[in-house]
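1. need a 3D model of the sequence below.
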Amino acid sequence: MAEILTPTTPEQLRDAVGWALGSRTPLEIIGSGSKRAYGHAVKTNAVLDCSKLSGILFYEPEELVISAHAGTPLADIKAALAEKNQQFHFEPGNFPELLGSGNAPDAGTIGGLVACNLAGPRRIKVGSARDHLLGFQAVSGRAEDFKSGGRVMKNVTGFDLSKLMSGSFGTLGVMHTVTLKVMPCDEQSATVIVACDDPKKAGKAMTAAMGSENEVSGAAWISAADIAGLEIPVASEFGSGLVVLRVEGPKP
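-> Alright, predicted model coming up:
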């Protein structure tokens with residue numbers, strides 16, 4: 001049976017890592033476990049459950065910044081942002097459903113999102129979670145506290161460890177606090193659908209659209225064979241594959 005360590009404070013997190021270091025025990029780091037199906041399984045019977053390290057520490061809509069403990073549910077953060085008509089511009093995707101992990105939508109934590117550096121289709125326009133992480137606080141594999149960045153974009157002293165920690169999957173340290181940039185929601189959003197059965201022509205069409213003056217924030221080609229399994233009301237009117245382009249931006 002797996003031994004589960006559930007710290008509730010950064011100090012307890014440091015003690016848990018210290019125990020693992022002293023006993024030479026590998027740790028599987030999880031928040032809600034929504035991304036366990038992503039990548040290889042961790043070969044250990046010890047789980048570091050960070051879900052109790054939760055809560056929004058501060059949210060300043062006027063300064064476009066939010067800070068929270070790593071175990072804070074993504075759903076809680078998105079709800080707080082929605083009240084101020086704001087969002088993460090890198091667009092967290094519904095990865096539990098994509099990975100078939102059985103979790104509800106937005107079941108992941110903000111720490112897991114940053115640690116895996118995951119982002120949705122808007123990445124082609126604004127980048128991924130890594131590009132919006134302002135700072136973090138963490139515990140290293142030596143059970144040492146360290147931090148990088150802060151609350152503003154102009155954090156230029158020292159190494160930019162935020163870029164390194166994003167996408168490291170917890171192999172470089174366990175983040176317990178993250179601070180991210182947020183943005184106002186786009187005023188308008190629309191979807192442009194073009195009938196296309198040829199994947200090469202679809203690629204050229206998407207490239208042309210993304211290279212245009214239009215604010216394309218998502219692009220996909222869906223083959224005719226795949227359309228049957230999707231809920232696209234107008235798909236039957238085309239009878240072919242589709243190039244789908246999402247356009248977002250100011251109302252004009």
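
2. tell me which helix or strand the closest residue to Leu133 other than its chain neighbours sits in.
-> In this structure, Leu133 finds its nearest non-sequential neighbour in Ser162, 4.5 Å apart by Cβ to Cβ, 6 or more residues apart in numbering. Just so you know, the C-beta spots here come from the backbone N, C-alpha and C atoms, and that holds for glycine as well. Assessed by DSSP states H and E, Ser162 sits inside helix 161-165.

3. on that earlier part again, contacting residues for the residue nearest to Leu133?
-> 130, 133-136, 148-149 (Cβ atoms under 8 Å, 6 or more residues apart in numbering).

4. how much space separates it from Ala129?
-> In this view, Ser162 and Ala129 are 10 Å apart by Cβ to Cβ, to the nearest Å.

5. thinking again about what came up before, can you tell me how far the residue nearest to Leu133 is from Tyr59?
-> Distance, Ser162 to Tyr59, using Cβ to Cβ: 19 Å.

6. kindly report the same for Met183.
-> The value you get for Met183 to Tyr59, if Cβ to Cβ is used, is 13 Å.

7. tell me which of these two has more neighbours.
-> Remark: of Met183 and Tyr59, Tyr59 carries more neighbours, 17 against 14, as counted by other Cβ atoms under 10 Å.

8. host element of the closest residue to that one other than its chain neighbours?
-> Among residues not flanking Tyr59 along the chain, Ile66 sits closest, at 4.5 Å (Cβ to Cβ, 6+ apart). Taking DSSP H and E as the criterion, Ile66 maps to strand 65-69.

9. enumerate the beta-bridge partners assigned to the residue nearest to Tyr59.
-> Assessed by DSSP bridges, Ile66 has beta-bridge partners Tyr59, Leu180.

10. can you count the residues close to it?
-> Applying other Cβ under 10 Å, we find 26 other residues in the vicinity of Ile66.

11. go on, Cys50?
-> Cys50, neighbours per other Cβ under 10 Å, totals 29.

12. and if you look at Thr9?
-> The burial count for Thr9: 12, using other Cβ under 10 Å.

13. circling back to that earlier point, among the contacts of Ser162, which are in strands?
-> Judged by DSSP state E, the contacts of Ser162 include 133-136, 148-149 as members of strands.

14. would you mind listing the buried residues in stretch 192-212?
-> Residues 194, 196, 202, 205-206, 209 are the ones in stretch 192-212 that count as buried (16 or more other Cβ atoms under 10 Å).

15. got it, and stretch 51-59?
-> By 16+ other Cβ under 10 Å, the buried positions in stretch 51-59 come out as 51, 53-54, 59.

16. brilliant, that's me finished.
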